[in-house]
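# curious how this folds, go ahead:
(one chain, ligands or ions: 1)
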Amino acid sequence: MPTLISTRFLLLVGESLHLRRALATSRSVLLHTSVKCMSQVEPNHASLTLSSIGFQTKTEAGNRSTSNKVKPFGSPSENLKSKGKPFGINEKKKKVVRVVEKQQIEFAPFAAKSFPELGLPHVLIERLEKEGFTVPTEVQSAAVPTILNNRDVIIQSYTGSGKTLAYLLPILSVVGPLRGKGDDDGDENGKNLGIEAVIVAPSRELGMQIVREFEKVLGMDKKRAVQQLVGGANRTRQEEALKKNKPAIVVGTPGRIAELSASGKLRTHGCRYLVLDEVDELLSFNFREDMHRILEHVGRKSSADPNSNAGKSERQLIMVSATVPFSVVRAARSWGCDPLLVQAKKIVPLETVSPSEPVSLSRSSLPNSAVPSQAAVESLPPALKHYYCVTRLQHKVDVLRRCIHALDAKFVIAFMNHTKQLKDVVFKLEARGMKAVELHGDLGKLARSTTLKKFKNGEVRVLVTNELSARGLDVAECDLVVNLDLPTDSIHYAHRAGRTGRLGRNGTVLTICEEPEVFVVKKLKKQLGIPITSCDFSEGKLLVTEEEETVSTSSS
Ligand SMILES: Nc1ncnc2c1ncn2[C@@H]1O[C@H](COP(=O)(O)OP(=O)(O)OP(=O)(O)O)[C@@H](O)[C@H]1O
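Numbers count the residues shown, from 1 in each chain. Model prediction:
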C-alpha cells in the first residue's frame, strides 16, 4: 500500500520555506492519492473520521505510552512534511526521510477538550489561553486538524459556532509570527514571505470583525501581521500600510482585494491560503467579476514565470458558511482539490454530497413542501426559540416594542428589507423612549463603525438594519432578533436568526407579519425543520397562542 505509507512520511529535514513551497506544489498529486487511500478505508463513502484521514491526538499518543514522543499527525510541522514524495526536493534531502509507522487510532477528537489536542503550536496556545479561549468548539475540533493536514475544505456549521477560529487557528499555525517555526518577520533567513493568506468576506463589517479576531489572537505587539483591505476605506492608506507593514495575512472585501491585485499593489501569487468566508454570499452575481479575479490570481503562479506551472493552484482553499447550497458544492469541486466537507460531527469528501441530499439549506433543493432534513436544522443554533406574531402593518413597531419589554431584551436586532424604512422605525422607537439606531450600506464607513460600536457598547438598545447585518455580525449579548419584514427565504431567515443565541447562549427570534403572510412563516417552519410558534404580547408578557406543532426531523 505505497500511497498510504507515503502520506505518513515525516521528514527530518529542517522546515525551510523552499521545502514547504515545494511540498505545497505537489499537493494536487498527493491529495489525489490520499483520497484514493481514503476510499479504501471508507469503501461506501461513509463519514470520515479525523483518524481515517491521518490524525491522532496527543491524548491518544499519551494513553499508549507516557514516553511516546510522536506528535499528532495534525501538528503543523508534520503536516508540512507529510506530503509523501515532494515535487522539487533534491535527492540529498530525500535520503533523510524516515518512515514513522501509522499509529493505531482508537477515536477522533471531534469534541476535543483543549486546544493542545488539535496540534497547534505552543506559542499560539499560550496566546489563546491569554485571551480566554480554552476549549475548542465542535467545528473547531473537526476543522483545525483537517486544515493543518493541508486539505481543501468547506466548513459548514450553524451560526455562532466559532467558524472564524476554525480556519484562523490552522492558518496562524503556519503563517505569521505565531507559527510553529521561524522568526517573527520571515523565513529562517529573515526574508519576508509576502502575503501568505487572503481572507475574503462579503461585507466591510464582517471583514473588520475577522481582522479583530486575528488581532485578538496575535496580540497587540504582533497585530501588524494582519491587514484589512475593505472597501469604503482610504485605498492609498491601505497601499502604504501594505508596503510598510508587510503583512502575512490580508482580510478584505472582494472589490478592494481585486482592485489592489489588478493594480499590482497586492501580490498574492505566492499565497498559501485562500479563505472565502460566507462563501454562498460571495458566489452571488454582485461579486462575480471580483471573485473571478481572486480565484484566478491568489496562490496561483503567474504565466509570465517560465519556471512555474502557470495557473496551477498551490493554495489551500477554505470555504466557510452556515448555509451551503449545492451551488457552493459544485463550485468548490471545480475550484478546490478533492475538498472535504467539514461539519461539527462529521467529515465527508465533497464527492459524496449529492443535490438530493443538500449539505444545508438550499433554495433549489427544498421544494415548497420539503420535509426538513437534519442538514437544514444544522444551520441554526439549537438553543434558539422561534415565534411569530400576526398584526397589521401600522402596528408592527408597537409589537416590536411590546416584545422587547415582555422579554426584557437588552440587545435587539430588527431586520427590514428596504433601507428607506429603517429611519422611520428608529424615529418611532425613539418617540416611545427606546434608544435605536439604523445601520445600512448607504452610510459611510465611519458612520457604520460608530453605529455598531454604540450598539455593542449598549448605548442603544435596538439596531434597525437590513440584510447587511445578517451575515457574520457577532454581538455575543444579542438576545433578540426581530423580522419586521419577512426574509426572502430560509437561508436569509437562518442568517438573520443566527445573530442571536451565539456560542450556546439563549436567544429568541420573532417574526412580525401580516395575516396574508402567515403561509410564508409556515413554509419557513417546514423548510427549516423548527417550531415557529404563534404568539402575542399582553400585559408585558409573551403569550403563546397556538399549540406547538411537532416538527419531525429526519436524522439521516
Ligand atoms: N473556542 C472558543 N471559546 C470561546 N469563544 C469562542 C471560541 N470560538 C469562538 N468563540 C467566540 O464565539 C463567537 C462566535 O464565533 P464566530 O463569529 O466565529 O461564529 P460563526 O460560526 O462564524 O458565526 P456566523 O455563521 O454567524 O458567522 C465569537 O465571539 C468568537 O470569539
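
# the bottom helix or strand of the chain by mean pLDDT?
Every helix and strand of the chain was ranked by mean pLDDT, DSSP states H and E. The lowest is strand 9-11, at a mean of 29.

# below-threshold pLDDT in this structure: ranges please.
1-110, 181-193, 301-313, 356-377, 546-556 (pLDDT under 70).

# which residues of it lie near the ligand?
133, 135-137, 140, 159-165, 213, 322, 472, 474, 476, 498, 502-503 (Cβ under 6 Å from any ligand atom). All C-beta atoms are positioned from the backbone trio N, CA, C, and that covers glycine.

# mind doing that once more with 8 Å?
Contacts of the chain with the ligand, taken as Cβ under 8 Å from any ligand atom, map to 115, 132-137, 139-140, 157-166, 206, 209, 213, 216, 277-278, 320-322, 471-474, 476, 495, 498-499, 502-503.

# just the ones of those in helices?
Here DSSP state H is the test, and those give 139, 140, 163, 164, 165, 166, 206, 209, 213, 216, 495 as lying in helices.

# need the contact list for the last one.
Taking Cβ atoms under 8 Å, 6 or more residues apart in numbering as the criterion, residue 495 is in contact with 159, 322, 323, 470, 471.

# the second one and residue 155 touch, don't they?
What it means is residue 322. No: using Cβ atoms under 8 Å, residue 322 is not in contact with residue 155, being 9.6 Å away.

# more neighbours: which of these two?
Per other Cβ atoms under 10 Å, whichever of residue 322 and residue 155 has more neighbours is residue 155, with 29 against 26.

# what ranges do the helices span in the stretch 51-200 of the chain?
Ranges of helices within the stretch 51-200 of the chain are 58-64, 76-81, 91-95, 122-130, 138-148, 163-174, based on DSSP state H, counting those that start in this stretch.

# just the buried ones out of the residues of the chain next to the ligand, please.
115, 133, 136-137, 139-140, 157-166, 206, 209, 213, 216, 277-278, 320-322, 471-474, 495, 498-499, 502 (16 or more other Cβ atoms under 10 Å).

# how about the contacts made by the closest residue to the ligand within the stretch 1-150 of the chain?
Among the residues of the stretch 1-150 of the chain, residue 133 lies closest to the ligand, at 4.5 Å counting by Cβ to the nearest ligand atom. Neighbouring residues of residue 133 by Cβ under 8 Å, 6+ apart: 115, 165, 217.

# settle this for me: the second one is touching residue 216, isn't it.
No: between residue 165 and residue 216 no contact is recorded; they are 9.6 Å apart, counting by Cβ under 8 Å.

# mind picking the two most distant members of the ones in helices among the residues of the chain next to the ligand?
Spanning the widest gap among those are 216 and 495, at 23.2 Å by Cβ to Cβ.

# tell me how the protein divides into domains.
115-178+193-303+313-352, 374-544 (the TED database).

# just those: most buried one?
domain 115-178+193-303+313-352 (a mean of 21; mean count of other Cβ atoms under 10 Å).

# angles on the backbone of the closest residue in space to residue 222 that isn't next to it in sequence, please.
Nearest residue to residue 222, sequence neighbours excluded (Cβ to Cβ, 6 or more residues apart in numbering): residue 177, at 4.4 Å. For residue 177, the backbone dihedrals (degrees, to the nearest 10) come out as phi -70, psi -10.

# quick check, residue 487 in contact with residue 498.
No: counting by Cβ under 8 Å, residue 487 stays clear of residue 498, with 11.6 Å between them.

# contacts only, for the residue of the stretch 201-350 of the chain found nearest the ligand.
Nearest residue of the stretch 201-350 of the chain to the ligand, counting by Cβ to the nearest ligand atom: residue 322, 4.2 Å away. Counting by Cβ under 8 Å, 6+ apart, residue 322 touches 156, 157, 158, 159, 161, 163, 360, 379, 380, 494, 495, 498.

# now, those residues that are in strands?
residue 156 (DSSP state E).

# helices and strands around the helix or strand residue 400 falls within, which ones?
If you go by DSSP states H and E, residue 400 is part of helix 396-407. Secondary-structure packing of helix 396-407 (3 or more Cβ pairs under 8 Å, 6 or more residues apart in numbering; DSSP states H and E): helix 420-431, strand 480-483, strand 507-513, strand 532-538, strand 541-544.

# tilt between that helix and strand 532-538?
90 degrees (axes from the mean of the first three to the mean of the last three Cα atoms, to 10 degrees).

# tell me what angle helix 396-407 forms with helix 420-431.
Going by the same axes, to 10 degrees, helix 396-407 makes 50 degrees with helix 420-431.

# next structured bit after helix 396-407?
Counting by DSSP H and E, what follows helix 396-407 is strand 412-415.

# outside of stretch 210-221, which residues touch it?
By Cβ under 8 Å, 6+ apart, stretch 210-221 touches 124, 127-128, 130-131, 133, 164-165, 168-169, 172, 176-178, 199, 201, 223, 225-228, 249, 251, 277, 472.

# swap in 7 Å and give it another go.
127-128, 131, 164-165, 168, 172, 177-178, 199, 201, 223, 225-226, 228, 249, 251, 277 (Cβ atoms under 7 Å, 6 or more residues apart in numbering).

# next one: stretch 460-473
For stretch 460-473, using Cβ under 7 Å, 6+ apart, the contacting residues are 201-203, 205-206, 209, 278, 281, 410, 412-417, 419, 422, 425-426, 429, 434-441, 454-455, 492, 495-496, 499.

# go again with 6 Å.
206, 278, 281, 412-414, 416, 419, 422, 425-426, 429, 434-441, 454-455, 495-496, 499 (Cβ atoms under 6 Å, 6 or more residues apart in numbering).

# one more: stretch 434-441?
Residues contacting stretch 434-441 (Cβ under 6 Å, 6+ apart): 419, 422-423, 426, 429-430, 451, 460-466, 468-469.

# of the residues you listed, which is the nearest to the ligand?
residue 469 (10.7 Å).
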